[in-house]
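Chemist: Sequence first, then the predicted structure:
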Amino acid sequence: MKKIALVGSPNTGKSVMFHNLTGSYVTVSNYPGTTVEVSRGRGGIGETEF
């Protein structure tokens with residue numbers, strides 16, 4: 001199984017992308033520093049699982 005990491009500047013949609021890829025919910029807000037812990041999930045695009 002492949003692994004991916006979502007990293008980037010604050011307020012750029014990393015948590016939204018994580019939710020869209022995995023279906024897992026993470027807390028979001030309109031200021032930097034809300035998501036400060038590692039979140040893990042499983043997802044897939046087509047037949048590719050990650």
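Modeler: On my side now, so go ahead.
Chemist: now the helices for this structure?
Modeler: Secondary structure of the chain (DSSP state H): helices at 14-22.
Chemist: how far does the helix-or-strand element of the chain with minimal mean pLDDT sit from the chain's center?
Modeler: Least confident helix or strand, the chain: strand 44-45 with a mean of 86, by mean pLDDT, DSSP states H and E. Computed by Cα atoms, centre = their mean, to the nearest Å, the chain-centroid distance of strand 44-45 equals 13 Å.
Chemist: same thing with stretch 23-41?
Modeler: Chain-centre distance of stretch 23-41: 7 Å, with Cα atoms, centre = their mean.
Chemist: mean confidence for that stretch?
Modeler: Regarding stretch 23-41, the rounded mean pLDDT is 81.
Chemist: Buried residues in that stretch, which are they?
Modeler: By 16 or more other Cβ atoms under 10 Å, the buried positions in stretch 23-41 come out as residue 35. (C-beta placed from N, C-alpha, C; glycine too.)
Chemist: and residue 23, what does it touch?
Modeler: 41, 43 (Cβ atoms under 8 Å, 6 or more residues apart in numbering).
Chemist: roughly how far apart are it and residue 33?
Modeler: Per Cβ to Cβ, to the nearest Å, residue 23 is found 24 Å from residue 33.
Chemist: Residue 26 now?
Modeler: 13 Å.
Chemist: For the chain, which segments count as strands?
Modeler: For the chain, the strands defined by DSSP state E occupy 44-45, 48-49.
Chemist: Pairing partners for the first one, with directions?
Modeler: Read it as strand 44-45. Each strand paired with strand 44-45, and its direction, by DSSP bridges: strand 48-49 (antiparallel).
Chemist: Distance from the partner strand to the middle of the chain?
Modeler: Between the centre of strand 48-49 and the centre of its chain there are 16 Å (Cα atoms, centre = their mean).
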